[in-house]
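Novice: Dropping the sequence and predicted coords here.
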Amino acid sequence: MSGPIYPNASRTGFPQAPMNGNYNMPSAFQQYSGTSSVAQIPPPSSFGVASSSYMGPTPSQIPSSQPQFNGISNQFPTANAYNPQPQQFNNPRPNPNPIANAGSVFPTFQPPINTTLPPTFDQPNHGQMIPASNPLPIPPSSGFPQTSIANNPSAFPNAPMQQPPTSVPYKSNGYASVPSVTSAATVGYNNANFHMQAQNTAQPAAQYSSYGQPATQMNNVQQGFQNMVVSGQSFDVVDVMAERHIIASGCEDIEYALPSTLANNEARMDSSVFRSTLNAIPQNEELLKKSRLPFGLTLHPFRDLKNLNVIQTSSIVRCRYCRTYINPYVNIPDNRHWKCNLCGRSNDLPDDFCWDPVTKSFGDPRMRPEVRNSTVEFIAPQEYTLRPPQECLYAFVLDISVPALESGYLHVLCEQLLINLDQLPGDERTLVCFIGVDSSIHFFQFDSPTRPPKQLIMDDIEEAFVPTNVGLLVNLHKYKETVRSFIKQLPSLFDVPKAPTQTGVFNCLGAALNILHEIIADIGGRISVFQCVLPSLGPGRLESREDPNNRAAEDVQNLGPASDFYKRLALECTGHQICLDLFLLNSQYADLATLSEIGKFSSGSVFHFPNFNYYNETLQTKRFERIISRYLTRKLGLEAVLRIRCSRGLAISTFYGNFFVRSTDLLSLANVNPDSAIAVQINYEEKLQGTFASFQAALLYTSSKGDRRIRVHTMCLPVVSDLTTVYANFDVKAATSLISKMGADRCLSGNPLTDAREATINAVVDALLAYRKSIGTGRPGIACPRAGHIRLFPLFALAMLKHTSFSSGRSVRLDDRAAAMLMLRFSPLEQILSEIYAQLYSLTDLKMLPEGEYPRSLPLSFEHVSRNGVYLLEAGTYTYIYVPQDADPVFLQEVFGASYHQLDDTRLKELDTDLSRKVHAFIRHISHLKFYLAPPTIVREDSPMREAFVRRLVEDRTDSSFSYHEFLKHIQQEIKG
């Protein structure tokens, strides 16, 4: 590999870096780089696996760019479970597109654990490397006409809307399988109201006059785009500048066809689990570069699913060569053979694969559940286990400093712990541990099931040690009543002192985490950290870095970590199968950008509750109750690994999310939960052969009940050689999720915010410019194909730029901005989309709808907000009910039981009226299983909260950002430029 990674690009973007250790990086971004060595792999027999079953790579095939990771050898499956195939990563040609070939490389850390790596795993690769860039500032918005009416709302009629088609789940009708263990309470998210829904506008788009252009000129422009022919192909093209409400054209999932030679070409992957930014894969890298579109995948591997097929079988059928699991997209020519859809090689079917246990006879192998369904879960046989199953261990690190006690969070936490103590995942081996942290470390020793625990206080935090070998980890099954009594007394155990001392505000979190890691290193488990202040004592101490005067600066500083202490700690914990989750409930700056490192690199989660106060902040209190209840009871996978395989010719470039990268296609996850997702970028190694390409994600984990399981997701997409078809199959939802994760990852690594903003803009400009060139230049407006989602790309890009993560020109606290980026980094697709492009509904329309029918979503503009209506906005984390001053008083009385001036933020109780029941049924409908949604907040027109509602109407102009049509004008100038 030679040549610069991203030489002399004219625009700032997300440049791609190779993953083979040969870096040409600017000195300003010099980071960790791997050392070149060849790993010597011991024979399979040394791992207790017969050598005949070992299909792993030879020592010469092991990637040699990373130092050896010696931390997880006795905790993962044998060679039969995961078998990496060597992949050659070629340096792509320099590409000015900031998104289409974006990527980063992870620096390597070696936890100090002296064990041996199993032969089935490659070496680790972790970190980020992003070259320097020169951001291009956005032209001032004052040069464009102001189209927003946010500050002067007036009545507009609500236009009729169309109901999008509902999706039909695929069900297996094959052989009997083990029933899914998914409980009725965790069966998946309800997406019925999530997707952008179609709406008919009252006036045709051609009649809308934009930027001084008469309607007749717009009509001529639209007519000129119709029925154009290029290379013998007819185009259905739309000018997005002439479309008054582009979201009205809909954003439904794109349908595609697969070859009939596949075992089950009707099977489709659930788009909420596994999704590609392109539903038609370009045949080669040149075609992808010509399109200037981002190419990547989003994956929600442990999502709660309905009707999950759980299979227990004596033999799990896998390809002998690439170790792909058999799936619906293989070719089965007869009952004895099958052809792998990833590597294309033929394999033998086991004799018992065709045996139907229901009819007790041999049947068609195409009727097997693993061939009928794109997602299945296997109960793994013994060869996938190297040690006894890990027990569940829950350790709670509690901030008991004076500000923490004043916030009252212990009351909410202990209440939810008592409610959900019996629902904690686990079996009779489950362990719990409690540690308090202020200027000292407080241990709680349970030495008897009949006596309360002893409190052991350690003041020497610089040289802290484990005070005792017994009683710190307590068996929940045996000590449940003692633990329950302790939790009840915990809030009163640490009362707020009447005369707080200066030492009461100090916190030694780093020392407590070091000791706790030492206590549970031999077992593994989950550490839940509840933090309210900045750690200021002992190892990992931090200092305030926020300048309140620079919160609205264009180039935000200090979004990267201030210290690598928490990152190193997280990597050491990952080596011992320990996950760390962070709950930050702060009212002052606490450096979330640095503290979040414990979750980012240990497959953990980060939750932020700004200005939390149990006594006078109802919204955050209710949100904390909902999230902590979900957190305590959700499914949990232990000591997990995730491998993503691609068809021959494709390879994974970069991963985005919370995990540890162990090799080019293997992730290590100490814990896996159903509320976290990842994204990956794909690059080309060679031209694709055949008419389809496949991707398979296999998650191997230990369930909370102690059995080893493998969840397999397989997606198959057509391969095309026509540029027009590539554009028509662009998925803006997956692209939005991918680009937002890339931008958040880049900023949290310490790079300027302007880089991420410019990269987002340039992704749109490059894609639309490339499409314009493909159909001929010299045409006015912004041309987009009517098919696919690329016409919505500018709208979603503008929504990203206005999100708290990437917004500029308005005051945002540093911890709030970091929390928003962290949410994008690890959240699944539907939560990201809800955060970026919220859903607006008219509640007053419920009066005219029959029972069971709900209003359709509206474009995010005040143009659709009537003065006498009431509106609900689902905006990711928060839900707002906006009540204008002229709202119908009869409606207010029936729904709220109060007049306009009597409304407060939380006055929403179900009343004994038909309209109130309809409203509450609709709220339950849109929030079903969306644990991250806070209860609705009532926002009056004269309320200070109105700004939070208005800010989510991304199509309108604000003091610091474009309106949607101004943004289109800017995009048009860039394309012409």
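Specialist: Sure, I can see it. Being a predicted model, the structure only gives us computed values, none of them experimental.
Novice: Need the distance between the two termini of stretch 236-253.
Specialist: Taking C-alpha to C-alpha, to the nearest Å, stretch 236-253 runs 19 Å from one end to the other.
Novice: Can you list the buried residues in it?
Specialist: Of the residues in stretch 236-253, those buried by neighbour count under the rule 16 or more other C-beta atoms under 10 Å are 237-249, 251, 253. For the C-beta atoms, the positions are set from N, CA and C on the backbone; glycine is no exception.
Novice: From residue 708, how far out is the closest residue to residue 974 other than its chain neighbours?
Specialist: By the measure of C-beta to C-beta, 6 or more residues apart in numbering, the closest residue to residue 974 outside its immediate chain neighbours is residue 765, 4.5 Å from it. Residue 765 sits 48 Å away from residue 708, taking C-beta to C-beta, to the nearest Å as the criterion.
Novice: With residue 738 instead?
Specialist: In this view, residue 738 and residue 708 are 31 Å apart by C-beta to C-beta.
Novice: more neighbours, those two?
Specialist: More neighbours sit around residue 738 than around the other of residue 738 and residue 708, counting by other C-beta atoms under 10 Å; the figures are 28 against 22.
Novice: Please, which helix or strand holds that one?
Specialist: Counting by DSSP states H and E, the secondary-structure element that holds residue 738 is helix 732-748.
Novice: Just the buried residues of that helix, please?
Specialist: For helix 732-748, the buried set under the neighbour-count rule, 16+ other C-beta under 10 Å, comprises 732-748.
Novice: Mind giving me the packing neighbours of that helix?
Specialist: Under the contact criterion of 3 or more C-beta pairs under 8 Å, 6 or more residues apart in numbering; DSSP states H and E, helix 732-748 touches strand 274-276, strand 296-299, strand 650-656, strand 678-684, helix 753-775, helix 793-802, helix 814-826, helix 829-836.
Novice: Parallel or antiparallel, list what pairs with the shortest one.
Specialist: What that stands for is strand 274-276. Strands adjacent to strand 274-276 in the sheet, as given by DSSP bridges, are strand 296-299 (antiparallel).
Novice: Show me how far the strand it pairs with is from its chain's centre.
Specialist: Going by C-alpha atoms, centre = their mean, to the nearest Å, the spacing between the C-alpha centre of strand 296-299 and its chain's C-alpha centre is 10 Å.
Novice: What's the first helix or strand after that strand?
Specialist: Next element after strand 296-299 (DSSP H and E): strand 309-311.
Novice: For that next one, name the packing helices and strands.
Specialist: If you count contacts as 3+ C-beta pairs under 8 Å, 6+ apart, strand 309-311 packs onto helix 369-372, strand 375-379.
Novice: Spell out for me which residue occupies the centre of this structure.
Specialist: Residue closest to the mean C-alpha point of the chain, counted by C-alpha atoms, centre = their mean, is residue 827 at 2.7 Å.
Novice: tell me the contacts of that residue?
Specialist: Contact analysis of residue 827 by C-beta atoms under 8 Å, 6 or more residues apart in numbering lists 675-677, 835, 932.
Novice: same check, this time on residue 940
Specialist: With contacts taken as C-beta under 8 Å, 6+ apart, residue 940 has the following neighbours: 883, 885, 900, 903, 946.
Novice: do the same with residue 638
Specialist: Taking C-beta under 8 Å, 6+ apart as the definition of contact, the neighbours of residue 638 are 389-390, 392, 524, 577, 670-671, 701-704.
Novice: lowest average confidence, helix or strand, in this protein?
Specialist: strand 226-230 (a mean of 37; mean pLDDT, DSSP states H and E).
Novice: From residue 951, how far off is residue 758?
Specialist: Per C-beta to C-beta, residue 758 is found 22 Å from residue 951.
Novice: what do you get for residue 725?
Specialist: Between residue 725 and residue 951 the distance, using C-beta to C-beta, works out to 38 Å.
Novice: for residue 782, same thing?
Specialist: From residue 782 over to residue 951 the distance is 26 Å, taken as C-beta to C-beta.
Novice: Looking at the two now, which is surrounded by more residues?
Specialist: Taking residue 782 and residue 951 together and counting by other C-beta under 10 Å, residue 782 has the greater number of neighbours (23 against 19).
Novice: I'd say the more buried one and residue 242 touch.
Specialist: No: the pair residue 782 / residue 242 is not scored as a contact, 9.0 Å apart, by C-beta atoms under 8 Å.
Novice: What separation is there between residue 599 and residue 659?
Specialist: Distance from residue 599 to residue 659, counting by C-beta to C-beta: 11 Å.
Novice: Kindly report the same for residue 863.
Specialist: Note on residue 863: its distance to residue 659, by C-beta to C-beta, is 43 Å.
Novice: quick one: buried residues of the helix or strand containing residue 624?
Specialist: Using DSSP H and E, the secondary-structure element containing residue 624 is helix 618-633. Applying a neighbour-count criterion of 16+ other C-beta under 10 Å, one finds 619-621, 623-633 buried in helix 618-633.
Novice: again, but for stretch 563-582
Specialist: Of the residues in stretch 563-582, those with enough neighbours to count as buried (16+ other C-beta under 10 Å) are 563, 565-582.
Novice: now could you export just the CA positions of the host helix or strand of residue 701 as CSV?
Specialist: Secondary structure here is read from DSSP H and E; on that basis residue 701 sits in strand 692-703. As requested, C-alpha coordinates have been extracted for strand 692-703 and formatted as CSV (Å, rounded to 0.1, in the frame of the first residue of the first chain):
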residue,chain,number,x,y,z
PHE,A,692,-26.0,-10.7,-5.4
ALA,A,693,-23.9,-9.9,-2.4
SER,A,694,-24.4,-11.1,1.2
PHE,A,695,-23.5,-10.0,4.7
GLN,A,696,-23.7,-12.1,7.8
ALA,A,697,-23.3,-11.0,11.4
ALA,A,698,-22.9,-13.8,14.0
LEU,A,699,-23.1,-12.9,17.7
LEU,A,700,-21.8,-15.6,20.1
TYR,A,701,-22.7,-14.9,23.7
THR,A,702,-23.6,-16.5,27.1
SER,A,703,-27.1,-15.9,28.2
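Novice: The helix or strand just after that strand - contacts with which helices or strands?
Specialist: Tracing the chain past strand 692-703, the next element assigned as helix or strand by DSSP H and E is strand 708-720. When contacts are defined as 3+ C-beta pairs under 8 Å, 6+ apart, strand 708-720 packs onto strand 274-276, strand 281-282, strand 375-379, strand 692-703.
Novice: Now do residue 455: how many residues are near it, please.
Specialist: Residue neighbour count, defined by other C-beta under 10 Å, stands at 11 for residue 455.
Novice: Run a quick check on it versus residue 446, I expect a contact.
Specialist: No: taking C-beta under 8 Å as the contact criterion, residue 455 and residue 446 are not neighbours in contact, 11.2 Å apart.
Novice: Low-confidence regions, the chain specifically.
Specialist: 1-235, 497-504, 777-779, 977 (pLDDT under 70).
Novice: Between the contacts of residue 827, which sits nearest residue 968?
Specialist: Comparing those against residue 968 with C-beta to C-beta places residue 835 closest, at 22.6 Å.
Novice: Now do the contacts for the closest one.
Specialist: Residue 835 makes contacts with 803, 820, 823-824, 827, 875-877, as judged by C-beta under 8 Å, 6+ apart.
Novice: Buried only: go through the residues you listed for me.
Specialist: The neighbour count (16+ other C-beta under 10 Å) marks 803, 820, 823-824, 827, 875-877 as buried among these.
Novice: Residue 535 - that's part of a helix, no?
Specialist: No: following the definition DSSP: H, G, I helix; E, B strand; the rest coil, residue 535 is coil and is not counted among the residues of a helix.
Novice: so who does it touch?
Specialist: Neighbour list for residue 535: 507-510, 541-542, 595 [criterion: C-beta under 8 Å, 6+ apart].
Novice: May I see those residues organised as CSV, with distance to residue 330 added?
Specialist: Compiled in CSV, the contacts of residue 535 are given as follows (distance: C-beta to C-beta, whole Å):
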residue, distance to residue 330
507, 55
508, 56
509, 50
510, 51
541, 56
542, 53
595, 46
